[in-house]
Structure formats: structure tokens, C-alpha cells
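# Structure for this input, please:
(2 chains)
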Amino acid sequence: MKKLLSLVMMTVLLLSGCKGKELNQKMIVLGMGIDFSDDNYLVTAVYINTESADGQEKYQTKFGRGKTITQAVNNIATQNGLEVMYSHMSFILFGKTVCQHGLNDTLQFFSGYYQCRPSADILVCNNSAKDILTDKKITPEQINRIAQSYTVTGVNRTLPFYRFYADILNPSVSACTSLITQKNDDINSQGVAVFHDDTFAYSLNDEETLGLLLVSENPSSEVIPITESHKSFSLSDKKTSFSVWWENNTLYCDVTINATVSFYEYAENPQLLEKSVEKTLQKLVQNTLKKSLQHGDDIFYLTKKLRQTNKQVYYSINDWQSVLQNTVFTVHCHVSVR
Amino acid sequence: MTKIQRISTAQLFALLYISRMVINVTYNRYSTDTTNLKYAVFTGISGFLLTLLMLIPIHLVVRAGNGRNILDSTYSISKTFSVVIAIIYAFYFFYAILHTVSFFDTMVSYVFNPNLSVIILSAIGIIATIYGACKGVQTLARASALFCVMIGIALLILICTLIPKANFLNLEPLSTDNLPTIAKMTLSALGKNACVPSMVMLIPLTNGKTKTLSVLWAFAVYASMSILTVFMVTVLGEYLYTQTFPVYTLTAVASLGVTRRLDGIFMGVWLVGMFVRVSLLLRLFSMCTEKFSGEKKAKLSIILCGGIIFIISALLSHNNTLSKNLFHPYLLLSLTLLTAVVLPLIVTVLINRKVRQTLSNSAKA
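Next up, the predicted model:
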């Protein structure tokens, strides 16, 4: 019995394989671009060129067009007989056209498709995703680097698929993610794209993105110039607290940031700059809050905070846009110089 | 005479913890309303307290039977009654296996590559569990102790990697409107407590303080479940409601530095848990059939039960409505309460009455 079992085990372990497919028979997709034109989805897949012996052309692209996103993705698979693998896909880039059309169908597809990973980064570009992904000088690594750089640069904020889709699904929150642009065969981060429901609404510039990051994330080595002087600083031990309450049919919000400041340039008496730093931070956050609330968008999760403090009111509100547009807010910053 | 295989309390804990957790981690949209998972902490507390109550009749019946299992205890009351009890428990364990294997088939169809043959995977799984069940409770318990350490480490890594991703703004406070939902979820969780009726058979095989162990087991199960669901809600937010198997999605999301793609580990751990649970239930099934068919036929009954389970689960995988009705939470709960509370209480009363009668007869004599 033991011999028979050992034989079975050895057969299972030694004679198994990836369904007999070699690496060069697979299309390992690293990233995907989605555009929408003439009432059709256009999907661009960037994959590793496993047939390139000299490594000159490391990546290749394939296109699929279809009435539905599933059909477009499926058309890629039927083109060259390669087995498509999406499990290594690290980003999804949405073109301007699909963002204007609406992302719901696309997001539903990626959410349900067994091969797609929920941790893939979501990016938006202000032109065609196809143009960026077919540009030979732009590599998937470059796009990944931009996606991952937000904690360092403080000028973009890339959300993974599951967080982006969660924000789209939440009726009171507006989703936002990094916006990139193509310029002279290169790509640059251009702030953050904000969505109303599932369609692109407007973008935040670098300063406004920094205001968003100062509240909702923890940028580690960003460079923030002081408004009234030629010095710049970075923050550490940052703690942001929110107070959100509902009074006289109006939403009130109080944001407080406490942090330690380190100056990049030499300052003779850094304590004197404390007030200027606080003013700079206050202005940055206020501008972003003002812009997003004017559009009726909650990109700071203020409404989720209201749900925790006053659940009954939260579920009684149907028109979030007008509530947010009338929100009264204050921002306080307290810093200490290291 | 067969040598009684005895296990330690730690081994029993491992065996029962794995068997229960494997069901907890297969929360899915078809069996649970995932939109209410945000109240799972409250469900965990109420579930823990009610499970403690469910454990009382189990310990009472074991004590009344002088450390014998319920089937042996009833034999001293009446042979026919003992057979009836054995049939009821055999049916319950059969139903619990079917429920587990159907979970396995659903998970394979939705999470693994859908092109894989569910039937082949299910057949391989059942053959492995038949082998495990034939090896006996002691062997399974030893393996479980090893697996439990693996599961503990996997859970710890998972939680550590999820802490930076958790957004506690996704949690919601409890209001009185949510009480019916919590009650419903608690009852559904209690229905999945097949481990409690299993204790009627396993405690008599265990050396050591089984009362402390069962309390510890209930606490560990509901605490782990609550922690996992808190992370499901805080990490995934509204995305949770779109997912068929949220725990699997959670493992796919978890990453910390180079530690990422933990779904592979989850799959391995989950398959091991499935193996332990089904093997244990198959063994308990054979222990019941042994009471009315004899020792040799009891071993054959493991293979027969495995075969029938395979056929029925294959049929059920094509019929969602039938599967939903067959494993309705209230049906599960009724059967679990019957075997974990009602029958042990009845047997305890009958044994105590018999003892009193014997004592009064001997006093008269």
C-alpha cells in the first residue's frame, strides 16, 4: 500500500507541469490600457516578449476591440494562439475616452475575472491609453514607478484596484487616482483625477494633490516649499484627526494636522519659521478641501466619518453633492521643528 | 477487541479548530449576506456565548455516561434506542460532510481556474479524505496539531500584512435596527458548529481537561473569525460586497514589502483544513455505523459514504437552487441543535433516571 502511494505521489510531483505550455507559448500581461471609441472598447495589453533572444524588444503589445470589455479582452487571446496570463498584471491604465464614458462595466469585469489581481494599480491618462502603451520608449516599469512613487514625491496618489472600486461603489465618496500624461516620448505624473460616480470629473494639480496626501496618506520624503520664504521642508510623525458633525442640516468638518518639521535648507532660527510652515500646510489642505467640496466630492472620507458618528443622518441623505457643496470646514495645523 | 485510540486535549483543540475555521474562511455570497459582515464582531461575541451554552449538554451527557460517548451510553438504556441515536448522528455527519464538500466544489468553480474539472478535483479530495478517515482519529489529530501551527503562522502573517492597509472608517457603529441582522448571522454561525456534536464522540477519546479546552476552542474560533472579518471590512471596504469569497480576496490583497501574493499559501492551508474536516467527519460517521453494522462494515461505510458524497456533491454543483435549499441556514441550525443540544439532554435525563431506578431497586433489595 505504501509503495503504491509513494508511486502515486511521485507521479503527481514529477510528471506534472503547466498543462504542457512553455514560457514562450504564454502571453504574460504586465499592464493593460482601456480606451473607448465608436461605441467599442479598445483594450491594449503589454506583455513580456518571451521570443526575443537578445532582449532588444522586451515588451510587445496586442489589441482587442469589442462591444463589451469581455469581448475586447477575449479578442486579444484569440489573435496569436498564446495562452494569456493576467495574473502578473500590475497596472490598468484608463484612457480619457473610457473615463468620460464611465468605468462601471470595466470595473465589474476586472472585479469578477478570476485571473485579475485586486492589487493592480489604477492609473488614468489624459489622452489615449493605447498611445502610451504602444510608445516603445515608455516601459511598464516606468508606469509602475510612477504608481509607486506617491509616498516619496507627494504629487500623485495611485490607488490599487480594490480601493478604487470600493470608492466608486460608495455613494458618498468620490474615487480618485493618479493622472499621467505623455510628453516627448516620456510620461509624467500630473496630479490626481477625481471621478463623479464612475466618470471623470476634474483633476487636482500637484499642489492640490499634496493637500490631499497631507490629510489622507503619509508621504515620507516630500519637498514642500514655504510660501513666504525660499526654504522647503518635509514632515514626520504626522497625525491627522477629523471631527465631522451634522448641525442645522449642514455638514461641519474640522481637520487638525500635527507633525514634526525638518528643513532641507539651513535655517538659522528654524523656530521662527514654524508659523510660516503651519500657514503653508493650512493653505495646501484648505485649497484641496475647497476645490473638492465645491464640486460636491468627498475625497477625504469625511462622510465615512459622519457614518461613524451619526449613522442615522448618513443613511437619510440622498443628495450628497449638495450636502458636500454646503459643507463648512476649518483646518488647523500644529508643527514642531526638529 | 479494538484498541481505543486516545488523543490529548491539544490535539483535540487542533482538530476542532481547523475543522471550524475552514468553514469560517469560506464565507461566500451564496451562503452569507456579505453586506452585513461589518457587524461580525457582534456576531462573534453572541456566537461565542451561545456556543458556550451549546457545550453544556455535551459535557453533561459525557459525565452522565461516565466518560463514554453518547452511543455507548444509550446502549445501556436500550439497544434499539442506541441504534436510533447512531443513525441520527450518522445522518448528521453525512449531511455535514456533504455541506463541506459542496463548499469545496463552489470554491473550486469560482476561485480556482474555472476551466479545471470540479469533478476530478472533488474525486481526488474525497479519495484523500477516505484514506485519512481510515487511519483513525489519533492519526488525524497528530496531523492536525502540525497543521494548526502552520495555520497559526499563516494567520499571523496575514494579519501583520493587512494592518497597514486597514481603514477603520469602513466600520459602522451598531444600532438597534441591526439587531435582527446580528441575530440571523449568529444563528447561521451556530448552524455551522458541526464540531460541537463531534465533541460527543471525541471528548471520551481525550485525556485531560476537556471543559477548559472546549471553552478555549470556542473563544479561539470566534475571536479568529471576528478578527478576520474586521480586516475584511476595513481593508476591502465596499469592494467586499462584489466578491464571491472575501477571505480569498483578502489574502490576494495582503502584502508587506516582498511578502505578497499570499493567496497561494491560503489555498494550501485551506485544502489542508478541508482534508482534516472531511476526514474527521467521515471517521465519526463510521463510528456511528459501527454501532449497527459491525466493525468490518464500518470501514466499508467510509468508502461508501465517500462515494455517495462525491456523486451528490457533483449533482449539486449543477443545481444552485437545490443546493441553497438543502443547506439552508435554518435547516443546518435545526440539525446541529438536535445533535448538540436536544439529544444529549434527552440521553442525560434517561441515563440519570436509569441510575436512580437502579439505586432505588438495589436499596429495596
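# Neighbours of residue 183, how many?
In the absence of a named chain, this looks at chain A. Counted with other Cβ atoms under 10 Å in any protein chain shown, the burial measure for A:Lys183 works out to 8 neighbours. No exception for glycine: its C-beta is placed from N, CA and C like everyone else's.
# Actually, chain B is the one I wanted.
12.
# Distance check, it against chain A.
Here B:Ala183 is placed at a distance of 19 Å from chain A (Cβ to the nearest Cβ, to the nearest Å).
# so that residue is in which element?
Taking DSSP states H and E as the definition, B:Ala183 sits inside helix B:179-191.
# Spell out which residues sit in contact with A:Ile92, please.
Counting by Cβ atoms under 8 Å, 6 or more residues apart in numbering or on different chains, A:Ile92 touches A:Gly31, A:Met32, A:Gly33, A:Ile34, A:Phe110, A:Ala120, A:Asp121, A:Ile122, A:Leu123, A:Phe161.
# Which single one of the residues you listed is nearest to chain B?
Each of these was scored against chain B by Cβ to the nearest Cβ, and A:Phe161 proved nearest at 8.3 Å.
# contacting residues around A:Asp135?
Applying Cβ under 8 Å, 6+ apart as the definition, the contact partners of A:Asp135 turn out to be A:Gln182, A:Asp185.
# thinking B:Pro246 is in contact with B:Met232, fair?
Yes. A contact is recorded between B:Pro246 and B:Met232 when judged using Cβ atoms under 8 Å, the distance being 5.0 Å.
# joint contacts of the two?
Counting by Cβ under 8 Å, 6+ apart, the contacts common to B:Pro246 and B:Met232 are B:Leu37, B:Leu240.
# Could you list the buried residues of stretch A:39-47?
Taking 16 or more other Cβ atoms under 10 Å in any protein chain shown as the neighbour-count basis, stretch A:39-47 is seen to contain the buried residues A:Tyr41, A:Leu42, A:Val43, A:Thr44, A:Ala45, A:Val46, A:Tyr47.
# One more: stretch B:337-347?
Residues of stretch B:337-347 classed as buried by neighbour count (16+ other Cβ under 10 Å): B:Leu337, B:Thr339, B:Ala340, B:Val341, B:Leu343, B:Pro344, B:Val347.
# helix/strand/coil for the fourth one?
Read that as B:Val341. With DSSP: H, G, I helix; E, B strand; the rest coil as the basis, the three-state label of B:Val341 is helix.
# hang on, the earlier thing: out of the contacts of A:Ile92, which are inside helices?
With helices defined by DSSP state H, the entries of those inside them are A:Phe110, A:Phe161.
# Which residues of the stretch 1-150 of chain A lie near chain B?
Applying Cβ under 8 Å from any Cβ of the partner chain, one finds that the stretch 1-150 of chain A approaches chain B through A:Gln108, A:Ser111, A:Gly112, A:Tyr114, A:Arg117, A:Pro118, A:Ser119.
# again, only this time at 6 Å
With the criterion set to Cβ under 6 Å from any Cβ of the partner chain, the stretch 1-150 of chain A comes near chain B through A:Ser111, A:Pro118, A:Ser119.
# Pretty sure B:Ile309 sits against B:Ile97.
Yes. Look at B:Ile309 against B:Ile97 with Cβ atoms under 6 Å: they come within range, at 5.4 Å.
# So these two - more neighbours on which side?
In this comparison of B:Ile309 against B:Ile97, neighbours counted by other Cβ under 10 Å, the higher total goes to B:Ile97 at 28 against 24.
# Next one: A:Thr68 from chain B, what distance?
Relative to chain B, A:Thr68 is positioned 18 Å away (Cβ to the nearest Cβ).
# check contacts around B:Ile56.
Listed by Cβ atoms under 6 Å, 6 or more residues apart in numbering or on different chains, the contact set of B:Ile56 is empty.
# For the residues of the stretch 1-150 of chain A next to chain B, pick the one with the most neighbours.
Going through the residues of the stretch 1-150 of chain A next to chain B with other Cβ under 10 Å as the criterion, the one with the most neighbours is A:Pro118, at 22 neighbours.
# looking at it, that one is touching A:Phe161, isn't it?
Yes. Under the criterion of Cβ under 6 Å, A:Pro118 makes contact with A:Phe161 at 5.2 Å.
# Give me the three-state assignment for the closest residue to chain A within the stretch 51-200 of chain B.
Nearest residue of the stretch 51-200 of chain B to chain A (Cβ to the nearest Cβ) works out as B:Leu169 at 4.0 Å. Under the three-state scheme (three-state DSSP), the conformation of B:Leu169 reads as helix.
# Give me the pLDDT for the spatially closest residue to it that is not a sequence neighbour.
Across the structure, with Cβ to Cβ, 6 or more residues apart in numbering or on different chains as the measure, the residue nearest B:Leu169 apart from its sequence neighbours is A:Lys304 (4.0 Å). The predicted local confidence for A:Lys304 comes out at a pLDDT of 93.
# Secondary structure element holding A:Lys304?
helix A:302-309.
# which parts of that helix are buried?
Of the residues in helix A:302-309, those scored as buried under the neighbour-count criterion (16+ other Cβ under 10 Å) are A:Leu302, A:Thr303, A:Lys304, A:Lys305, A:Leu306, A:Arg307, A:Gln308.
# residues of the very next helix or strand once past it that come out buried?
Toward the C-terminus, helix A:302-309 is succeeded by helix A:311-316 as the next helix or strand (DSSP H and E). Neighbour counts using 16+ other Cβ under 10 Å place A:Lys311, A:Tyr314 of helix A:311-316 among the buried residues.
# Which helix or strand lies directly C-terminal to helix A:311-316?
Once the chain leaves helix A:311-316, the next helix or strand it forms, by DSSP H and E, is helix A:320-325.
# Now do that next one: which elements does it pack against?
Applying 3 or more Cβ pairs under 6 Å, 6 or more residues apart in numbering or on different chains; DSSP states H and E, one finds that helix A:320-325 contacts no other helix or strand.
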